[in-house]
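Enquirer: how would this look folded up:
(one chain, ligands or ions: 1)
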Amino acid sequence: MSRRPLIAGNWKMNGLRADAKALAGEIATLSKAQSDAAFDLLVCPPFTVMETVGAAIEHSDVFLGAQTCHTAESGAHTGDISPVMLKDAGCTHVIVGHSERRTDHAESDADVQAQAITAHAQDLIAIICVGETEAERESGQALQVVREQILGSVPAGATSENTVIAYEPVWAIGTGKVATPDDVQEIHADIRNTLADKLGQDTADGMRILYGGSMKPGNAKELLALADVDGGLIGGAALKSEDFWAIAQSCPSL
Ligand code: PGA
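Expert: Down below sits the predicted model:
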């Protein structure tokens, strides 16, 4: 089963308008120069620069995504942004359940699943994040924790078209520590088995599972070559166009 890799940049809380415009413009230019790319590119900037970034990538194949969304379509939710608004702003994707959201905003698996369902209702692709903490890995619970997150966060209506999974070990995010290729492949294969139990084998076989956590140009090739790794969710290295592009160039050809 050939799955087209997705290289997604999670800009987190970084980027003022001028920087965001420049970074998005550079990525769009690189993408336009390679019309036969064997990967999809996505940038997920902060809400405040969504329009700026959308304009900068408008005539390219680079997709626009958000970093979270609310579970309602509109209403009295001060400070929140709905999937309807994201769609209106030109987004095609939204990250849900990133570990920083789970920690900073106490988002549970049930919250993440509800966000994905609302996103799907707007035809947005939900990138559902899962991953264990360092303590959970050290106590041998990584597989079990991630399995439970998948079962709790992925909606029953998820398909390989409307959903992408991102496995991000919490201890590898922004730390420079990367999971070993063997550990990454073990977890990704287990995620696919869990998805098969929940959604059926065909859906599981078609669904992209990204790795995230200190992915850089120097380690991307080895990680992206793994059988069940179908791209990356990139934080720090997504803020430099040459690093982001170098990671994309590390995808195996289709
Ligand atoms: P990192 O972040 O690449 O800076 O480790 C990845 C993420 O949190 O999505």
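
Enquirer: how distant is stretch 105-118 from the center of its chain?
Expert: Centre-to-centre, stretch 105-118 and its host chain are 15 Å apart (C-alpha atoms, centre = their mean, to the nearest Å).

Enquirer: Dump that stretch to PDB, restricted to CA.
Expert: Extracted in PDB, the C-alpha atoms of stretch 105-118 (Å, rounded to 0.1, in the frame of the first residue of the first chain):
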ATOM      1  CA  HIS A 105      -5.300  23.100  28.200                       C
ATOM      2  CA  ALA A 106      -6.100  19.800  29.900                       C
ATOM      3  CA  GLU A 107      -7.600  18.300  26.700                       C
ATOM      4  CA  SER A 108      -8.700  14.700  27.100                       C
ATOM      5  CA  ASP A 109      -9.000  11.900  24.500                       C
ATOM      6  CA  ALA A 110     -12.800  12.600  24.500                       C
ATOM      7  CA  ASP A 111     -12.100  16.300  23.800                       C
ATOM      8  CA  VAL A 112      -9.700  15.500  21.000                       C
ATOM      9  CA  GLN A 113     -12.200  13.100  19.400                       C
ATOM     10  CA  ALA A 114     -15.000  15.700  19.600                       C
ATOM     11  CA  GLN A 115     -12.600  18.200  17.800                       C
ATOM     12  CA  ALA A 116     -11.900  15.700  15.100                       C
ATOM     13  CA  ILE A 117     -15.600  15.100  14.600                       C
ATOM     14  CA  THR A 118     -16.300  18.800  14.200                       C
END
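
Enquirer: Can you give me the buried ones in it?
Expert: By neighbour count with 16 or more other C-beta atoms under 10 Å, stretch 105-118 contains the buried residues 107, 109, 111-118. The way it works is simple: take the backbone N, C-alpha and C, and place the C-beta from them, glycine included.

Enquirer: what's the answer for stretch 130-143, then?
Expert: 130-133, 136-137, 142-143.

Enquirer: Which of these fall in strands?
Expert: Val130 (DSSP state E).

Enquirer: Keep only those of the buried residues of stretch 130-143 that are in helices.
Expert: Of the buried residues of stretch 130-143, the ones assigned to helices by DSSP state H are 136-137, 142-143.

Enquirer: So which of the residues you listed is the closest to the ligand?
Expert: Arg137 (15.6 Å; C-beta to the nearest ligand atom).

Enquirer: Out of the ones in helices among the buried residues of stretch 130-143, the closest to Leu239 would be?
Expert: Arg137 (26.7 Å; C-beta to C-beta).

Enquirer: need the residues of the protein near the ligand, please.
Expert: Counting by C-beta under 6 Å from any ligand atom, the chain comes close to the ligand at 10, 168, 173-174, 212-215, 233-237.

Enquirer: before we move on, back to that, in the buried residues of stretch 105-118, find the pair that's most separated.
Expert: Asp109 and Thr118 (15.3 Å).

Enquirer: Ile95 looks like it's in a strand, true?
Expert: Yes: remark: Ile95 belongs to a strand, assigned using DSSP: H, G, I helix; E, B strand; the rest coil.

Enquirer: how about the helices in the stretch 51-200 of the chain?
Expert: Taking DSSP state H, counting those that start in this stretch, the helices of the stretch 51-200 of the chain run over residues 83-88, 99-104, 109-121, 134-138, 142-153, 181-199.
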